[in-house]
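Engineer: Got a sequence here, can you model it:
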Amino acid sequence: MHGIGIESLTGLGAYFRSLVHSSVQDDFVTTARHQSFIASHLLAGMLALLVFPIYLVVSGKPTLLGAIAFLWFLSPIGIAIFLSRTGKLAAAHLISAANLAGLITFSCWLTGGILSFLVPWMVVVPLEAALARDLRIVAWATLAASLGLIALLMLGAAGLVPLANDLPVSPLALAFFGVSTALGYATGLTLSVQSVHRASENAVRIGEDRYRLLAENTSDLITRHDERGRVVFASLAAQSMFGELPARLYGDGLFERVHIADRPAYLTALSRAYASNSPMQVEFRARQGGLSPSARYIWVEMRCRPVNMATFGAETLRAGVVAVSRDISERKAQEEALVRARDDAESANHAKTQFLANMSHELRTPLNAVIGFAEIIQREMFGALGDARYRDYAQHIHESGQHLLQVVNDILDMSKIEAGKYMIVREPFAVKKLIDVCCEVTRQEAEKKEIRLSVDAMPGLPELAADKRAVKQMLLNLISNAIKFTGQGGWVRISVRIHGDSIALIVADNGIGIAEADLAKLGNPFVQADNSYDRQHDGAGLGLSVVKGLARLHGGDLSLASQLGEGTVATISLPLGGQVEVLRKASAA
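Structural biologist: Numbers count the residues shown, from 1 in each chain. Predicted coordinates for the structure are as follows:
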């Protein structure tokens, strides 16, 4: 029987819990308050239904006013339904307080006015409102009960209280009934308050246990600070991070372990988080190992955010700041290693550029001598009777020297561009004439391979304000490349187009072309489309990088379009300038 009773109570509690509005079911404490309110009002209405037959037996057929009073006693059921449907607990308490005060006032008026045995029930009105945990609702309920008593006094003084029906019960018994029933209802309210209070305590304890479990088992240090930045709680991670008990960090313990140079940033982050009610982040060095000689500093990253304690009206009181700190010494070491590696790479690159520049100067002087003496041998040593075989040897010496000198010049130009020391002088000149000069220089090389060299320049071209020597070098590089990689009987075409404020110098050919995978790499120093040891064409892969660097020094660029086996189109885009100036720019390559 005892088990059946417990099961019945459990089932009844589950039923009342199912009536709670869905908007508050995620909050354990609020659910308990809604459940208590709904249960008490439904039970009060049910009690009225149970008492009504007894009332009929005792007093007989009720009067019209008695019937109204009885129906009024059923109103708590409607208020419980209102809360279940809307979830508005404060509104339900206000309606309930006004309804209960009015019901008791009406019942007292029917049973003798201010001298009625039901007057003690007026005390129940503010007691029930106390369940709302809102002083405004309690004040409203007290006012409603006071107005009911004043109304009874005024009606009694005016002689407007109806004569009470003679009941077969003594006045003393009625008074006892009124006081005892009011006391019983108040006791029920007290038990409801205790139930809600226990639910709140359980929720707080469960929450504290949950968060303490998280705080004590996470590898990050969790601290709570008051408005002055002092530590009022520290998790067990203090032992692994600082090698000390959490209690040693309380007060100013953590502050004293912060490196003296980082203390302003540490305090600023805490104060800003508290004052501006926004999360903050700071990195600082902290001493690990206390004051022992073996103590060392570690890097700590702290993320802190304010904690709101309670809200009163429009004002929010903050309980302090909660911070999560972690050891980032390893990350800092990696960052420092990356910075050192970057500095070393930059230093090595600078050394490489300086070495190339120095080497180019050292190589160019003897190469000029080799080329010069090769020309002298061809002209003076052999003549008409010279052996053709020796003449070919001298020719090879001359051509190899010229090629090597071009490589050295390209290296020197590239090193100057990378170092930002390439001087360009802008002056206006006719583009068509410069193209014709470049074609004449390379025509002999093209005729050897029977390549048709043509120029397509639109009439009325404006003058280009640029470094004439640099533009000539760019064109010669592109035209020479086009001839080199175009087969016997092919063609190379040089075109000029105007696009807005820029001029495009286009060198197209129907040569071997470039694979799509190699296009993105071309233009970088020492990179060729064919890097194999048995490639057919010579070159160091510097020509396009020099062209690209010179174009960017002018504020332009070099673009390549090609398909393997169908030829290549190289386009130099340069801005059209209007004045002569000397510029010294850092390389954009």
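Engineer: ok, which stretches of the stretch 351-500 of the chain are strands?
Structural biologist: For the stretch 351-500 of the chain, the strands defined by DSSP state E, counting those that start in this stretch cover 423-425, 427-429, 452-457, 464-466, 491-499.
Engineer: now, of the ones you listed, which is deepest in the fold?
Structural biologist: Most buried of these by mean neighbour count (mean count of other C-beta atoms under 10 Å) is strand 464-466; its value is a mean of 23. Every C-beta, even on glycine, is put in place using the N, C-alpha and C of the backbone.
Engineer: So for it, mean pLDDT?
Structural biologist: Predicted confidence along strand 464-466 averages 88 (mean pLDDT).
Engineer: helices and strands around it, which ones?
Structural biologist: In terms of contact count using 3 or more C-beta pairs under 8 Å, 6 or more residues apart in numbering; DSSP states H and E, strand 464-466 is assigned the packing partners strand 427-429.
Engineer: What pairs with the strand it packs on, parallel or antiparallel?
Structural biologist: When pairing is defined by DSSP bridges, strand 427-429 lines up against strand 464-466 (antiparallel).
Engineer: now the strand it pairs with, how far from the centre of its chain.
Structural biologist: Computed by C-alpha atoms, centre = their mean, to the nearest Å, the chain-centroid distance of strand 464-466 equals 48 Å.
Engineer: Next: stretch 24-39.
Structural biologist: Put simply, stretch 24-39 sits 37 Å off its chain's centre (C-alpha atoms, centre = their mean).
Engineer: Just the buried positions in that stretch, please.
Structural biologist: Residues 24, 29-39 are the ones in stretch 24-39 that count as buried (16 or more other C-beta atoms under 10 Å).
Engineer: Any idea which of the strands of the stretch 351-500 of the chain gets closest to residue 298?
Structural biologist: Residue 298 lies closest, by C-beta to C-beta, to one member of these: strand 423-425, at 51.3 Å.
Engineer: Could you spell out the sheet neighbours of that closest one, each with its direction?
Structural biologist: On the basis of DSSP bridges, the sheet neighbours of strand 423-425 come out as strand 582-584 (antiparallel).
Engineer: Look up the closest residue to residue 23, ignoring the ones flanking it.
Structural biologist: In space, residue 23 comes closest to residue 87 once its chain neighbours are excluded; the distance is 4.5 Å by C-beta to C-beta, 6 or more residues apart in numbering.
Engineer: Sorry, slip of the keys, the one I care about is residue 22.
Structural biologist: Of all residues not flanking residue 22 in the chain, residue 87 sits nearest, at 7.7 Å (C-beta to C-beta, 6+ apart).
Engineer: Please report how far that neighbour lies from residue 305.
Structural biologist: Computed with C-beta to C-beta, to the nearest Å, the distance linking residue 87 and residue 305 is 30 Å.
Engineer: residues near the nearest residue to residue 68 once chain neighbours are set aside, how many?
Structural biologist: Excluding its sequence neighbours, the residue lying closest to residue 68 (C-beta to C-beta, 6+ apart) is residue 106, at 7.7 Å. Taking other C-beta atoms under 10 Å as the criterion, the count of residues near residue 106 is 18.
Engineer: Enumerate every residue touching residue 106.
Structural biologist: With contacts taken as C-beta atoms under 8 Å, 6 or more residues apart in numbering, residue 106 has the following neighbours: 68-69, 72.
Engineer: which stretch of helix or strand covers it?
Structural biologist: helix 89-110 (DSSP states H and E).
Engineer: any idea of the mean pLDDT in that helix?
Structural biologist: For helix 89-110, the mean confidence score works out to 87.
Engineer: do the same with stretch 274-294
Structural biologist: With pLDDT averaged residue by residue, stretch 274-294 scores 82.
Engineer: Can you give the distance of that stretch from its chain's centre?
Structural biologist: Here stretch 274-294 is found 23 Å from its chain centre; the criterion is C-alpha atoms, centre = their mean.
Engineer: buried sites along that stretch?
Structural biologist: Applying a neighbour-count criterion of 16+ other C-beta under 10 Å, one finds 274, 280, 282, 284-288 buried in stretch 274-294.
Engineer: Let's have those residues in a markdown table, adding secondary structure.
Structural biologist: Conversion of these to a markdown table gives the following (DSSP: H, G, I helix; E, B strand; the rest coil):
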| residue | secondary structure |
| --- | --- |
| 274 | helix |
| 280 | strand |
| 282 | strand |
| 284 | strand |
| 285 | strand |
| 286 | strand |
| 287 | strand |
| 288 | strand |
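Engineer: Can you work out which other helices and strands pack against the lengthiest strand in the chain?
Structural biologist: In the chain, ranked by residue count with DSSP state E as the criterion, the top strand is strand 296-312. Based on contacts counted as 3+ C-beta pairs under 8 Å, 6+ apart, the elements that strand 296-312 packs against are helix 263-276, strand 280-288, strand 315-327, helix 329-376.
Engineer: quick one, which of those is nearest to residue 232?
Structural biologist: Put simply, out of the helices and strands packed on strand 296-312 the one that sits nearest residue 232 is strand 315-327, at 6.9 Å, with distance taken as C-beta to C-beta.
Engineer: just to revisit the earlier point, which of the buried residues of stretch 24-39 lies closest to residue 242?
Structural biologist: Relative to residue 242, the closest of the buried residues of stretch 24-39 is residue 29; by C-beta to C-beta it sits at 37.2 Å.
Engineer: Check what pLDDT that closest one gets.
Structural biologist: The per-residue pLDDT reported for residue 29 equals 70.
Engineer: Would you mind splitting this protein into its domains for me?
Structural biologist: With automatic domain parsing as the criterion, the domains of the chain are listed as 2-211, 218-327, 334-416, 424-584.
Engineer: that older thread, quick one, the longest strand of the chain and strand 280-288 angle?
Structural biologist: Strand 296-312 and strand 280-288 meet at an angle of 140 degrees, taking axes from the mean of the first three to the mean of the last three C-alpha atoms, to 10 degrees as the criterion.
Engineer: Which parts of strand 296-312 count as buried, going by neighbours?
Structural biologist: Applying a neighbour-count criterion of 16+ other C-beta under 10 Å, one finds 297-304, 306 buried in strand 296-312.
Engineer: With pLDDT added, can I get these in a markdown table?
Structural biologist: Conversion of those to a markdown table gives the following (pLDDT from 0 to 100):
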| residue | pLDDT |
| --- | --- |
| 297 | 89 |
| 298 | 90 |
| 299 | 92 |
| 300 | 92 |
| 301 | 93 |
| 302 | 93 |
| 303 | 93 |
| 304 | 91 |
| 306 | 88 |
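Engineer: Distance to residue 45 for these - can I get that in a markdown table?
Structural biologist: Below are those laid out as a markdown table (distance: C-beta to C-beta, whole Å):
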| residue | distance to residue 45 |
| --- | --- |
| 297 | 71 |
| 298 | 67 |
| 299 | 67 |
| 300 | 62 |
| 301 | 60 |
| 302 | 57 |
| 303 | 54 |
| 304 | 52 |
| 306 | 46 |
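Engineer: Would you mind checking which of these is nearest to residue 504?
Structural biologist: When those are ranked by distance to residue 504 (C-beta to C-beta), residue 301 comes first, at 52.1 Å.
Engineer: For burial, what's the neighbour tally of residue 175?
Structural biologist: Residues near residue 175, counting by other C-beta under 10 Å, number 16.
Engineer: What residue, apart from its backbone neighbours, is nearest it spatially?
Structural biologist: Nearest non-adjacent residue to residue 175, counting by C-beta to C-beta, 6+ apart: residue 117, 4.8 Å away.
Engineer: Make sure the one you found is indeed in a strand.
Structural biologist: No: counting by three-state DSSP, residue 117 is not found in a strand; it is coil.
Engineer: buried residues in stretch 229-247?
Structural biologist: By neighbour count, with 16+ other C-beta under 10 Å as the criterion, the buried positions of stretch 229-247 are 229-231, 234-235, 237-238, 241-242, 244, 246.
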